[in-house]
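S.K.: Got a predicted structure here, sequence first:
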Amino acid sequence: MATETISAVGRIDDQRFQAGQVTTIAAAHAAHDVYTSFLPALLPAFIEKLALTTTQAGSLTLYLGWPSLLQPFIGYLADRVSLRYLVILAPTVTAVCMSSLGLAPSYAVMALMLIVVGFSTASLHAVAPVMVGRLSGRNLGQGMGYWMVGGEVAYTIGPIVVVSAVRWLGLEGITWLMVAGVLASLVLFVRLREVPGRSPDAGEPLPWREAVRSMAPTLKPLTGIVILRAFILAALVTYLPTFLTREGSDLWVAGAALTVFQVGGIVGATLAGSASDRLGRHWVLMISLATTAALMAAFLLAGGWLRLVLLLPLGITVAGTLPVLLALVQESFPANRALAHGIFMAISFTMESAVVLVMGAAGDLVGLRIAYIGAAVAPLLCLPLVAHLPGGRARVSPRST
């Protein structure tokens, strides 16, 4: 029976890129993250309904985010037992909770619902990308690109979906939106029920301490890259509308700028992973980082609509680094893929959250323009660290079948 199951879906970790299964998981990623993208757009409505302070409203994002710190532990388990049902159930759990936030009678209930969503999100993001990696064969970068596109699409359309729903159905009426998440879980159950959560051919994973010790030489430069990259993310995501309005742009342009950047991110995630399979991870990382620094300098020197235009290639180069890093992490530790991925994601969440605060403090002390100049230099500081990462050689990838 086990042999039949494996042959029915194709061997995991074989040389083929299993496009159908990879696309299914990437689409589920999009379906899931559409719901988590609701929160920022709904904060004004929650402030009005529950009479929240700005601090209380902002802290809701922490309840959603802190379970991400558990991803290494979830990954450690995923290297040993199949956790595919966490992937299958995640869209439903997240959809039900996020679509029901408008019914929450108090801040405490809303916080509890967001913590549940946080655990669901952490489970999906710790397990599903590793499944994608195993289904991608030698085209690991391409698989990570597909995975990233799902998230980029979700955060592009999610806020539009929920504000439109609130307009037509009211805050309490958005519960109907949960239907799409439930359907996504049903599709995942049908498509993935025979796909092992971990490869049948995977070697015995290393014990926790030994695994982390073996990862340390890679995690040190990787953490440096994550920290420096976080400055660009903070500049071009969190503070972009504020920066543009202070520079004289109207609110519509400031809002449109984020959409342009996200569209560029979709393109970058699509192209960079596949390119790294052919050219090598190091080359694509160095090209992306150097180009980001140049484009950021041009963005600061430009004015008016030219800035809006430059955000498209900036989105391409900034988003293009992440699928390459994800692929590099997984291929560097094949016996502990999920643990390595979970550690990387936990580091990313922690560092990116901290850097947002640092950028905000720098903006208050010396002004956002000076802080943005510092962010423009950050990608160049990543270049020496790339040389210390494994996986520099190009990988000749067969055509997908």
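M.R.: Yep, it's here.

S.K.: what ranges do the helices span in the stretch 301-401 of the chain?
M.R.: Taking DSSP state H, counting those that start in this stretch, the helices of the stretch 301-401 of the chain run over residues 305-332, 337-366, 368-386.

S.K.: Mean neighbour count, those: which tops it?
M.R.: Sort the helices of the stretch 301-401 of the chain by mean neighbour count, taking mean count of other CB atoms under 10 Å, and helix 305-332 sits at the top with a mean of 23. The way it works is simple: take the backbone N, C-alpha and C, and place the C-beta from them, glycine included.

S.K.: That helix packs against which elements?
M.R.: With contacts taken as 3 or more CB pairs under 8 Å, 6 or more residues apart in numbering; DSSP states H and E, helix 305-332 sits against helix 107-135, helix 140-169, helix 208-233, helix 251-279, helix 281-301, helix 337-366.

S.K.: then the fifth one to PDB, C-alphas only?
M.R.: It refers to helix 281-301. What follows is helix 281-301, C-alpha atoms only, in PDB (Å, rounded to 0.1, in the frame of the first residue of the first chain):
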ATOM      1  CA  ARG A 281      22.000  31.000  -5.400                       C
ATOM      2  CA  HIS A 282      25.000  33.300  -4.800                       C
ATOM      3  CA  TRP A 283      24.800  35.000  -8.200                       C
ATOM      4  CA  VAL A 284      21.100  35.800  -8.000                       C
ATOM      5  CA  LEU A 285      21.400  37.100  -4.400                       C
ATOM      6  CA  MET A 286      24.300  39.400  -5.300                       C
ATOM      7  CA  ILE A 287      22.600  40.700  -8.400                       C
ATOM      8  CA  SER A 288      19.400  41.300  -6.500                       C
ATOM      9  CA  LEU A 289      21.100  43.000  -3.500                       C
ATOM     10  CA  ALA A 290      23.300  45.300  -5.600                       C
ATOM     11  CA  THR A 291      20.400  46.200  -7.900                       C
ATOM     12  CA  THR A 292      18.300  47.000  -4.900                       C
ATOM     13  CA  ALA A 293      20.900  49.400  -3.500                       C
ATOM     14  CA  ALA A 294      21.100  51.200  -6.900                       C
ATOM     15  CA  LEU A 295      17.400  51.400  -7.300                       C
ATOM     16  CA  MET A 296      16.900  52.700  -3.700                       C
ATOM     17  CA  ALA A 297      19.400  55.400  -4.400                       C
ATOM     18  CA  ALA A 298      17.600  56.400  -7.600                       C
ATOM     19  CA  PHE A 299      14.300  56.300  -5.700                       C
ATOM     20  CA  LEU A 300      15.600  58.800  -3.100                       C
ATOM     21  CA  LEU A 301      17.000  61.100  -5.800                       C
END
